[in-house]
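> I would like the atomic coordinates for the input below:
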Amino acid sequence: MYEDTTYEIILERMLRNVKENSPELDTRQSSPIYTALAPAAVELQNAYIELGWTLDQMFAETAVREYLIRRCSEWNITPHPAAKAVLKGEFNMEIELGTRFSLGTLNYVAVERIGDRTYRMECETAGALENRELGAMVPVDYIPGLTKAELTEIIDSGSNEESTESLLDRYLTKVQKPSTSGNRYDYYNWAMECDGVGAARVFPLANGPGTVKVVISDAGMSAAGDGLVREVQKHIEELRPVGADVTVTSVA
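Numbers count the residues shown, from 1 in each chain. Below is the predicted model:
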């Protein structure tokens, strides 16, 4: 808004005012008048720059992340935090919960027994790391009798903290496409409220009257894990209108 209010324009305007009110005064660059006004013009230019920046923070589409978060909070929207990945670990023996293992540059900890010598292994580092992989693990501390420790399946994909672009998209959808009475925007917003969801698409009447299908991706725009699908399904079930038959699936 104030891009054209530059140092040169401000100084020229100030000098012109001096000439109009006191024509007899010297306003050349070597004059005391010019020397006094030039620093003031610099400060005024900086003030206009700051004023333009402040004006940008009033609008979601031009605000920096800090002020976008403040704007979103007015609509009860908060950025999704980074989440830790959970993988299936298979062993040749039972292990204690809390036992730590390493694979590559990442460490994993056993958090839940889900089967015979099978455990949920939570990555200690939050985020969607590209170097996460399946394979044989090494125990951080020696375990007598252990001959197999392997990550065989990703249960829940980790996710990075929600990007500014994604947060802005959720905000604009919330304010520009009002959700009410279980319409398609309701289901979209409910799905996007869940941590780890990167995108969602809603198909009303997908399987006939009274049915809704919601297809989601993870934060990396890849197929969502079973855990994330269950989380979204549970969240929508708590909020949906009575009588609606909702199916949540992952994008292929």
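> from now on I want contacts and neighbour counts done on CA atoms only, so please keep to that.
Will do.
> would you map out the domains in this structure?
Using automatic domain parsing, the domain parsing of the chain gives 7-56, 86-156, 177-250.
> those domains: which one's closest to residue 79?
For the domains of the chain, proximity to residue 79 was assessed by CA to CA; domain 177-250 is nearest, at 8.7 Å.
> for residue 93, list the residues it contacts.
117, 145, 146 (CA atoms under 8 Å, 6 or more residues apart in numbering).
> next, format the domains of the chain as a markdown table and append mean pLDDT and distance to residue 68.
Output for the domains of the chain, formatted as a markdown table (pLDDT from 0 to 100; distance: least, CA to CA, whole Å):
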| stretch | mean pLDDT | distance to residue 68 |
| --- | --- | --- |
| domain 7-56 | 93 | 10 |
| domain 86-156 | 92 | 22 |
| domain 177-250 | 89 | 17 |
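> given the longest strand anywhere in the chain, what are its sheet partners and their directions?
Of all the segments of type strand in the chain, defined by DSSP state E, the longest one is strand 106-115. Next to strand 106-115 in the sheet, as set by DSSP bridges, lie strand 100-103 (antiparallel), strand 118-123 (antiparallel).
> send the alpha carbons of it over as PDB?
Presented in PDB, the C-alpha positions along strand 106-115 are these (Å, rounded to 0.1, in the frame of the first residue of the first chain):
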ATOM      1  CA  LEU A 106      16.900 -43.200  14.400                       C
ATOM      2  CA  ASN A 107      16.000 -44.800  17.700                       C
ATOM      3  CA  TYR A 108      12.800 -46.700  18.500                       C
ATOM      4  CA  VAL A 109      11.200 -47.700  21.800                       C
ATOM      5  CA  ALA A 110       8.700 -50.500  22.500                       C
ATOM      6  CA  VAL A 111       5.500 -48.900  23.700                       C
ATOM      7  CA  GLU A 112       2.900 -51.700  23.400                       C
ATOM      8  CA  ARG A 113       2.700 -55.400  23.000                       C
ATOM      9  CA  ILE A 114       0.300 -56.200  20.100                       C
ATOM     10  CA  GLY A 115       0.900 -59.900  19.500                       C
END
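> what comes up buried for that strand?
Of all the residues in strand 106-115, those buried under the rule 16 or more other CA atoms under 10 Å are 107, 108, 109, 110, 111, 113.
> ditto for stretch 127-139
127, 128, 132, 134, 136, 137, 138, 139.
> also stretch 224-239?
Buried, per 16+ other CA under 10 Å, within stretch 224-239: 224, 225, 228, 229, 231, 232, 233, 236, 237.
> what's in contact with it?
By CA under 8 Å, 6+ apart, the surrounding residues in contact with stretch 224-239 are 154-157, 187, 190-191, 194, 196-197, 216-218, 246-251.
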